[in-house]
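> Here is my input; please provide its structure:
(chains A and B)
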Amino acid sequence: MSEAADAGDGDEPGVESGATSGAGAVGDAPTELNLGSGGPSVSEEYPLQVDSLRKSFGGITAVDDASFQVERGSLTGLIGPNGAGKSTTFNLITGMLQPDSGTVTFDGEDITGQKPHAIANRGLVRTFQIARELQEMTVLENMMLAPKYQRGEALWRSVTPGFRGDVIEQESELLDRVWNVLEFFEIDHIAEEFAGNLSGGQRKLLEMARALLTDPDMLLLDEPFAGVNPSLERRLLDHIHELREQGYTFLLVEHDMDLIMENCERVIVLHQGRVLTEGTPAEIQANEEVIEAYLGGNV
Amino acid sequence: MSVRDDVSARLPGGDAGLIVAVLLVIYAAYVLIGVGLGYSLRGQLNTIAVLTFYIGVFAMLALALNLHWGYTGLFNIGIVGFMAVGIYVMALVSKPLYESGGAAQVGGLGLPLVVGIIAGMVAAALLGLVIALPALRLRADYLAIVTIAMSEIVRFSFLSGELQQFQLLGERVGFGGGSGLILDFTDPLEAFFGFFGLWDAYLGFVDSFEVLVPNNPKPVVDGLVYGVVLLFFVAAFYWLLKRTGESPFGRVLKAIREDEDVANSLGKNTNRFKIKAFMLGCALMGLAGILWLMTSGAVTPNFFRPRITFFVWIALIIGGAGSNTGSVLGGAVFAALLYQGPRYLKNLVDTVLPNADAPSGFGPAIAPLISNFDPAPLFFYTIDSIRQLQLVFMGLVLIWLMHNRPEGMLGYRKETAAGIPLTAARARGTAETDGGESGGGSDE
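This next block holds a predicted model:
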């Protein structure tokens, strides 16, 4: 991992340096990522728009009138102290929770209250805070699961003689794509391992790789760096920057302030379920309210 | 390392070879014990036929349950209800029309057996759908509660006087209530061979057994042939479920078992997959129920007590949930050792020591052991009560398995969920230079 660590040294602030060091770090990587699908296809300037989102659990209002939007092709950070409502917001956007009120718009269409699988199929795909690999499946099986609308997902086609040929044919194509992505993320050497046997960092890589195979337009990453060692964190960031240059949009929940400030173009700060402020990293760092929110108002 | 890794690799034919090998060992053991103790040939053949029958039905049921539990993680403990619906609906459709004065209290619709079998499977699948729609939204344990309640509801429904007899399409039909239903449709073997125009040839084949089994060889040969038919059905179940598992469909099922939220977040409509898998498994359980009972002459609702459900669960746990090969092996081992084994043992002891009198209760059985160290009465008492003790023995085996080998004989969940082999996939040209933190993790 020395080359990745070298590329990441110096801690240069700013997005540009992050992106260039990313390109350098994966210079040794065998392939440029080719998903075989033509990449993201959103047309809106702001593919994700969240408007007056509200959700309470019993007496606790977890998300309280939150509104923000995410720019196409950007890497946007969503930060906030513990309990600010970041994970709840993610769950509301991806349909895992139903909002009490407010709307979520993706690529110009209202997706509020849709089922998680429907939202994922529209190209808005999430990863989880604690990596949720499918433990008793191999890395390859995990990856092969992800592509959308596989022919063999229809039971009759998978079992009926004469039609299974189509399924097998598509499986071979998918397997090629899967290997490409595994090589891009440099986890091809553990392809046959059970996902439950991977290290924490490898699980994070697997989860992101798997999400990419769904041909998303936008990825919601819930603390992708939690529990990841610094060199792997660098590698993950490089991958994210490279993908962003290819046109993918990212919304990133993260606790590590330095990391957010160095890598994101825009930062949204949640506090007590509301959007406290948003802006460039420099603006956020200079914002008194943010410092107060993080340090409990005693500064 | 699981048994399969050690053994299966060395056997020709892989998993299928392993299944055949285990079956051969079981049969050899039964035959050897029988021969050693001077069993008659007729008795031997009957034993083999009965053994094959139970291996067949338990293997089929374990395979169907494996689709529910091993693949999809659906906790179905209402297996027996689907079996009951299968055979009862099949009887309703295929029993001959009612004639007054006949032995049967009620008739059926008089349609061919194959129509009845399909109707029974469809009915079991639809019952599965009715249960799945509300229950699959809930977590696994709620499905368990709903399914076991359903199986008892089914049993009590068939017991009830309301359904004993009713009019359907102008015919007098019914389920017979508590006194049972006579299955007076065509003999299934006759229908089967008759369909191919081979019934007379079959009868000739049976007659040729006079040499081996004098005096009416037909019941013996029928039993053996039906056992073979059941094994063919096991093979068909295995083929179907292997194809189901080794496909993108099976991959989604596995993902649901592992983490349904993840499958959802990757765009899979998990409810739809769960309902499909559940209905397919229920239809297969219905078919297994039909095959179990269609040659038995009559069926009563109280046959369908939950204990059969738990027998199937034991079979699956022995074999290893998640593996189709394991399901077949579990069914075979359960049938041979736990289900038929004790009864066979009792028959053997009765044959060897025909005049042994078993004590009438536990007191007289244990007293000689304490007073003058004579274990014989206790032994005979044990053998005499073996049908009751069988359940105790099964419980002990289950507890031992849960403690020592919860993954079953074959280890856990090894069958690859893809239409193509994923292991030897790509020729890795370049040497891996990438070690680092990843290499350590994979050793965990």
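
> what about the strands in chain A?
With DSSP state E as the criterion, chain A has strands at A:48-57, A:60-70, A:75-79, A:101-106, A:109-110, A:124-126, A:218-222, A:249-253, A:266-271, A:274-279.

> Most tightly packed of these?
strand A:124-126 (a mean of 29; mean count of other C-beta atoms under 10 Å in any protein chain shown). For every residue, glycine as well, the C-beta is placed using N, CA and C.

> Centre of the chain to the host helix or strand of B:Ala91, how far?
In this structure, B:Ala91 sits in helix B:79-94 according to DSSP states H and E. Computed by C-alpha atoms, centre = their mean, to the nearest Å, the separation of helix B:79-94 from the middle of its chain amounts to 15 Å.

> downstream neighbour of that helix in the secondary structure list?
helix B:113-135.

> who does that next one touch, helix- and strand-wise?
Where contact means 3 or more C-beta pairs under 8 Å, 6 or more residues apart in numbering or on different chains; DSSP states H and E, helix B:113-135 is packed against helix B:79-94, helix B:140-159, helix B:188-195, helix B:270-293.

> Out of those helices, the one nearest A:Ala195 is which?
helix B:270-293 (18.4 Å; C-beta to C-beta).

> And the pLDDT at the nearest residue to A:Asn121 once chain neighbours are set aside?
Leaving aside its sequence neighbours, A:Asn121 sits nearest to B:Gly267 (C-beta to C-beta, 6 or more residues apart in numbering or on different chains; 4.2 Å). Listed pLDDT for B:Gly267 reads 93.

> likewise B:Ala332?
B:Ala332 is given a pLDDT of 94.

> circling back: averaged over its residues, what pLDDT does the helix holding B:Ala91 have?
95.

> number of nearby residues for the residue nearest to A:Asn121?
24 (other C-beta atoms under 10 Å in any protein chain shown).

> again, but for B:Ala29
By other C-beta under 10 Å, neighbour count at B:Ala29 equals 14.

> what's near enough to touch it?
B:Ala336 (C-beta atoms under 8 Å, 6 or more residues apart in numbering or on different chains).

> Next, the angle from the helix or strand harbouring B:Gly56 to helix B:270-293.
For B:Gly56, the host element (DSSP H and E) is helix B:41-65. Angle between the axes of helix B:41-65 and helix B:270-293 is 170 degrees (criterion: axes from the mean of the first three to the mean of the last three C-alpha atoms, to 10 degrees).

> Same question for helix B:41-65: list its buried residues.
For helix B:41-65, a neighbour-count test (16 or more other C-beta atoms under 10 Å in any protein chain shown) marks B:42, B:44-65 as buried.

> Rounded mean pLDDT for the one helix or strand B:Asp200 maps to, please.
Here B:Asp200 sits within helix B:199-207, counting by DSSP H and E. Taken as a whole, helix B:199-207 carries a mean pLDDT of 88.

> So what touches that helix?
For helix B:199-207, using C-beta under 8 Å, 6+ apart, the contacting residues are B:189-190, B:193, B:217-218, B:221-222, B:225.

> Let's see that with 7 Å instead.
Contacts to helix B:199-207, defined as C-beta atoms under 7 Å, 6 or more residues apart in numbering or on different chains, come from residues B:190, B:193, B:217-218, B:221.

> Count the neighbours of B:Met169 for me.
Careful, residue B:169 is Leu; it's not Met. 6.

> gap between it and chain A?
Distance, B:Leu169 to chain A, using C-beta to the nearest C-beta, to the nearest Å: 31 Å.

> For that residue, which non-adjacent residue is spatially closest?
B:Leu109 (6.8 Å).

> Can you name the residues that contact the one you found?
By C-beta under 7 Å, 6+ apart, the neighbours of B:Leu109 are B:92-93, B:169, B:171, B:173.

> Flag every buried residue along the helix holding B:Asp200.
In helix B:199-207, counting by 16+ other C-beta under 10 Å, buried: B:199, B:202, B:206.

> After it, which helix or strand is next? Please name it.
Immediately after helix B:199-207, counting by DSSP H and E, sits helix B:218-245.

> Report the mean per-residue pLDDT for the helix or strand following that next one.
As assigned by DSSP H and E, the chain's next helix or strand after helix B:218-245 is helix B:248-258. Averaging pLDDT along helix B:248-258 yields 93.

> returning to what we had before: and chain A, which of the buried residues of helix B:41-65 reach it?
Among these, no residue is within reach of chain A (C-beta under 7 Å from any C-beta of the partner chain).

> average pLDDT across stretch B:417-429?
63.

> Helices along the stretch 151-299 of chain A, start to end?
Using DSSP state H, counting those that start in this stretch, the helices of the stretch 151-299 of chain A run over A:155-159, A:164-184, A:200-212, A:230-245, A:257-263, A:281-285, A:288-295.

> Can you lay out those helices as JSON lines showing mean neighbour count and mean pLDDT?
As requested, these are arranged in JSON lines below (neighbours: other C-beta atoms under 10 Å in any protein chain shown; pLDDT from 0 to 100):
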{"stretch": "helix A:155-159", "mean neighbour count": "19", "mean pLDDT": "90"}
{"stretch": "helix A:164-184", "mean neighbour count": "19", "mean pLDDT": "90"}
{"stretch": "helix A:200-212", "mean neighbour count": "23", "mean pLDDT": "89"}
{"stretch": "helix A:230-245", "mean neighbour count": "21", "mean pLDDT": "88"}
{"stretch": "helix A:257-263", "mean neighbour count": "18", "mean pLDDT": "86"}
{"stretch": "helix A:281-285", "mean neighbour count": "17", "mean pLDDT": "87"}
{"stretch": "helix A:288-295", "mean neighbour count": "15", "mean pLDDT": "80"}
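
> how about the residue nearest to B:Leu169, phi and psi?
phi -90, psi 0 (degrees, to the nearest 10).

> I'd like to know how far it sits from chain A.
For B:Leu109, the distance to chain A (C-beta to the nearest C-beta) stands at 28 Å.

> Per-residue pLDDT of the residue in chain A that chain B sits nearest to, please?
Residue of chain A nearest chain B, by C-beta to the nearest C-beta: A:Ser199 (2.4 Å). Note on A:Ser199: pLDDT of 86.

> before we move on, back to that, adding distance to B:Ile275 and mean pLDDT, write the strands of chain A out as TSV.
Shown next, in TSV, are these (distance: least, C-beta to C-beta, whole Å; pLDDT from 0 to 100):
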stretch	distance to B:Ile275	mean pLDDT
strand A:48-57	29	92
strand A:60-70	32	91
strand A:75-79	36	92
strand A:101-106	27	93
strand A:109-110	27	92
strand A:124-126	24	93
strand A:218-222	28	92
strand A:249-253	33	92
strand A:266-271	38	91
strand A:274-279	40	89
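
> Dump the ones you listed into JSON lines; add distance to A:Leu155 as well.
Converted to JSON lines, those look like this (distance: least, C-beta to C-beta, whole Å):
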{"stretch": "strand A:48-57", "distance to A:Leu155": "34"}
{"stretch": "strand A:60-70", "distance to A:Leu155": "38"}
{"stretch": "strand A:75-79", "distance to A:Leu155": "39"}
{"stretch": "strand A:101-106", "distance to A:Leu155": "30"}
{"stretch": "strand A:109-110", "distance to A:Leu155": "30"}
{"stretch": "strand A:124-126", "distance to A:Leu155": "25"}
{"stretch": "strand A:218-222", "distance to A:Leu155": "30"}
{"stretch": "strand A:249-253", "distance to A:Leu155": "35"}
{"stretch": "strand A:266-271", "distance to A:Leu155": "43"}
{"stretch": "strand A:274-279", "distance to A:Leu155": "45"}
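
> could I have the helix or strand containing B:Phe379 exported to CSV, CA atoms only?
Element membership of B:Phe379, judged by DSSP H and E, is helix B:376-384. Listed next in CSV are the C-alpha coordinates belonging to helix B:376-384 (Å, rounded to 0.1, in the frame of the first residue of the first chain):
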residue,chain,number,x,y,z
ALA,B,376,-32.4,-57.7,30.4
PRO,B,377,-35.9,-56.4,31.5
LEU,B,378,-34.8,-52.8,31.0
PHE,B,379,-33.5,-53.6,27.6
PHE,B,380,-36.7,-55.3,26.5
TYR,B,381,-38.7,-52.6,28.0
THR,B,382,-36.7,-50.0,26.0
ILE,B,383,-37.1,-52.0,22.8
ASP,B,384,-40.8,-52.3,23.4
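
> Cheers, nothing more for now.
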